[in-house]
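A.B. asks: Please work out how this folds:
(one chain, ligands or ions: 1)
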Amino acid sequence: MPSSIQVTCALILQDQKVLCAQRSGNMALPWKWEFPGGKIEKGETPEQCLLREIKEELNLDIEIVMAFPVNKHDYGNGKVVELIPFLAKLRGGDLILKEHTQILWKGVEELRSLDWAEADIPIVEGFVTWFLDRFQA
Ligand SMILES: Nc1nc2c([nH]c(=O)n2[C@H]2C[C@H](O)[C@@H](COP(=O)(O)OP(=O)(O)OP(=O)(O)O)O2)c(=O)[nH]1
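C.D. replies: Sure thing, here's the model as predicted:
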């Protein structure tokens, strides 16, 4: 397996909806949906990376609540992504889309309907299961 890149992402939950972001046409994985975040830089913790990326990409401030299980995915083109998801809450900032085409706040039960980047699919599944177990018992 080629060496992997470590990428953090935020599942920002507010009023039972999750912020989903669509990649733009000139990015890798064009038009796919993802959770905002990005690559960990040298010397950063995953949490520091995520706070930085969410500010850079969306101009939002978040608070990390907890980590979800990491998903390692081989895109088969020499790119292996280790996707490190966190549950997060909004703390402030006015949304400015700096990289993505659009964002949507999706209800948890509607999340599966988006065309997700492949690495995100198990994360979406895990999150929906976790959320329904916890909040809809
Ligand atoms: N931020 C984010 N990236 C994701 C997700 N799922 C997924 O496969 N990725 C991939 C897309 C990118 O290849 C990589 C994140 O890199 P990035 O967003 O910092 O940089 P980039 O678009 O310029 O990517 P690259 O062309 O340099 O690989 O991880 C996700 O949910 N969030």
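A.B. asks: What residues sit buried inside the longest helix seen in the chain?
C.D. replies: Longest among the helix segments of the chain by residue count, using DSSP state H, is helix 121-135. The neighbour-count check on helix 121-135 (16 or more other CB atoms under 10 Å) flags Pro122, Ile123, Val124, Phe127, Val128, Trp130, Phe131 as buried. For every residue, glycine as well, the C-beta is placed using N, CA and C.
A.B. asks: Which single one of the residues you listed is nearest to Ala88?
C.D. replies: Phe127 (12.0 Å; CB to CB).
A.B. asks: ok, now which ones touch that closest one?
C.D. replies: Leu11, Val18, Phe68, Pro85, Leu87, Val108, Leu111 (CB atoms under 8 Å, 6 or more residues apart in numbering).
A.B. asks: export the buried residues of helix 121-135 to a markdown table and tack on distance to the ligand and pLDDT?
C.D. replies: Converted to a markdown table, those look like this (distance: CB to the nearest ligand atom, whole Å; pLDDT from 0 to 100):
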| residue | distance to the ligand | pLDDT |
| --- | --- | --- |
| Pro122 | 11 | 98 |
| Ile123 | 7 | 98 |
| Val124 | 9 | 98 |
| Phe127 | 11 | 98 |
| Val128 | 15 | 98 |
| Trp130 | 17 | 97 |
| Phe131 | 17 | 97 |
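A.B. asks: Nice, that's everything, thank you.
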